[in-house]
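Novice: compute the structure for the input listed below.
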Amino acid sequence: MMEMRSPIEFHDNRFLMFVLDQMANDFEQEGINDVIRMTLGKSELPLHPEIIGAMKEALDTFEKSTLVFPGGLPELREALAEDYKNNYDLDIKPSNIVINVGTSALFRNLFYLLAKEGDEVLLPLPYYSLYHFCAQLVGAKVRYYNIDLDTLSLDIDSFRANFTDKTKIVVINSPGNPLGNILTPEELYAMDEIIGGRAVVINDEIYSSVCFDQRSTSVLELKDTKSIFITTNAFSKGYRMYSRRVGYCIVPEELVTPLTVIQHHTLLTTDPVVQFGALEALQHPEEIEQLVGLYRDRRDYTVEQFEQVPLVRAIPAKGSFYFTLNCKDYMDEHGLSTSLELAEEIMKYKHVATVPGSDFGLPYTLRLSYSSSSYHEGIDRLVDFFTNKATG
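Specialist: The predicted model follows:
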């Protein structure tokens, strides 16, 4: 039998989002045609035709389709720097932008560079599961600071209590996944005051363009901070290029060479074809406005429909692709010990695929992705499930 040297319990670390998405696929393969998926943060809207056209043109042009730049196409890095100038009035050097196949690989590489076994990383609770898994990969201990489920605000006391002299990485995710919370400038400054330059802050702002009521603040906009900030973002959300895998990070000078050299050996290049698509995407900010309007309506519909549902509390998101349902009272009432059990029950009886909150450190919640053309019907089925089960 092959000996696994990693101490990670891989079965326990399954991304349950994919488990439920596979369950939905299995139902469809069995001929069940009314499945509604609220799993992946992958928009149901098609790409803008000109983005598709740019990728087709690059694919058909030998010189473009064979370009190899381990750190990313120079023209895309320049366009991203210009985009931050236009949107935030920030002067970012293109050389400080490193491109990879989405942000997940960048997080893995950054954790490798910034933490080792015995160090601590401080994550938001709830967290996106990538952060937790990257900490396990490098053997770092995980601590958490809380996002209040009632107010969606930062629990600064929990942040202060869990930041220690061993903390090497602090992760910020705003707008957050799964809650859709947005950190205020005051909260960001308070965090920086506590960190005091003793740890590196990685700011995951992949949902920065998907804000419903007010825009989020980028850490790059903060003035006179004491800490080092790294920003990660991608084209998979606002520009809907989920499967095309183009992400980037903005890093200080001393990290450019280490990150690029890692990509020399482990990546070689992000596909230039999809990078040309990303370059074209930056020319279509109206695409984001359309998506935000649509998902804001779905957020509002969810809040409205769950107002009269007993035992389940809807948590109104301020941004992102997701909505969170607090199902603790319902689970206690019906003897369900895990959110996976609850998600499987819903899938079985209502053919709606949701994401167990255990993925995010909230084992009594469900996460719903707005990205289904049948979203309203999915919400209606969930309301029926919870109402009938609660009263029947």
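
Novice: show me the strands in the stretch 101-250 of the chain, by range?
Specialist: 120-125, 141-146, 167-173, 200-204, 228-234, 247-250 (DSSP state E, counting those that start in this stretch).

Novice: and of the ones you listed, who's closest to residue 161?
Specialist: Comparison of these against residue 161 by C-beta to C-beta identifies strand 141-146 as nearest, at 8.2 Å. Backbone N, C-alpha and C define where each C-beta goes, glycine included.

Novice: next, the buried residues of the closest one.
Specialist: Of all the residues in strand 141-146, those buried under the rule 16 or more other C-beta atoms under 10 Å are 142-146.

Novice: do the same with stretch 4-13
Specialist: Buried residues in stretch 4-13 (16+ other C-beta under 10 Å): none.

Novice: any residues touching the longest helix along the chain, and which ones?
Specialist: Longest helix in the chain by number of residues (criterion: DSSP state H): helix 286-306. The contact list for helix 286-306 (C-beta atoms under 8 Å, 6 or more residues apart in numbering) reads 43, 45, 48, 180, 209-212, 238-240, 281, 312-314, 316-317, 321, 323, 325, 368, 370-371, 375-376, 379-380, 383.

Novice: partner strands of the helix or strand that it is followed by, with direction?
Specialist: Counting by DSSP states H and E, the next helix or strand C-terminal to helix 286-306 is strand 313-315. Partners of strand 313-315 in the sheet, by DSSP bridges, are strand 322-326 (antiparallel).

Novice: mind checking the strands of the stretch 101-250 of the chain for the one nearest to residue 70?
Specialist: So among the strands of the stretch 101-250 of the chain, strand 247-250 is nearest, using C-beta to C-beta, at 13.2 Å.

Novice: may I have that closest one exported as CSV, CA atoms only?
Specialist: The C-alpha coordinates for strand 247-250 follow below in CSV (Å, rounded to 0.1, in the frame of the first residue of the first chain):
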residue,chain,number,x,y,z
GLY,A,247,-6.2,35.5,-11.5
TYR,A,248,-3.5,37.9,-10.2
CYS,A,249,-2.0,39.3,-7.1
ILE,A,250,-0.4,42.7,-6.4
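
Novice: packing partners of the next helix-or-strand element following it?
Specialist: Scanning forward in sequence from strand 247-250 by DSSP H and E, the next helix or strand is helix 253-266. Secondary-structure packing of helix 253-266 (3 or more C-beta pairs under 8 Å, 6 or more residues apart in numbering; DSSP states H and E): strand 97-100, helix 104-114.

Novice: for the longest helix of the chain, which residues meet the burial criterion?
Specialist: Neighbour-count burial for helix 286-306 [16+ other C-beta under 10 Å]: 287-288, 291-292, 294-296, 298-299, 301-302, 306.

Novice: poorly predicted segments of the stretch 251-392 of the chain, please.
Specialist: 389-392 (pLDDT under 70).

Novice: test my guess that residue 73 contacts residue 272.
Specialist: Yes: counting by C-beta atoms under 8 Å, residue 272 is a contact partner of residue 73 at 6.1 Å.

Novice: residues that sit against both of these two, list them.
Specialist: residue 67.

Novice: contact partners for residue 205?
Specialist: Counted by C-beta under 8 Å, 6+ apart, residue 205 has contacts 173-175, 216, 218-219, 231-233.

Novice: how about those residues in CSV, adding neighbour count?
Specialist: Compiled in CSV, the contacts of residue 205 are given as follows (neighbours: other C-beta atoms under 10 Å):
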residue, neighbour count
173, 26
174, 28
175, 28
216, 22
218, 20
219, 22
231, 22
232, 24
233, 25
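
Novice: so who does residue 155 touch?
Specialist: By C-beta under 8 Å, 6+ apart, the residues touching residue 155 are 145-148.

Novice: that older thread, closest one to residue 244 out of the buried residues of strand 141-146, please.
Specialist: Ranked by distance to residue 244 (C-beta to C-beta), the buried residues of strand 141-146 are led by residue 142 at 30.8 Å.

Novice: and the closest one, what are its bridge partners?
Specialist: With DSSP bridges as the rule, residue 142 is bridged to residue 121.

Novice: pretty sure it contacts residue 134?
Specialist: No: the pair residue 142 / residue 134 is not scored as a contact, 9.9 Å apart, by C-beta under 8 Å.
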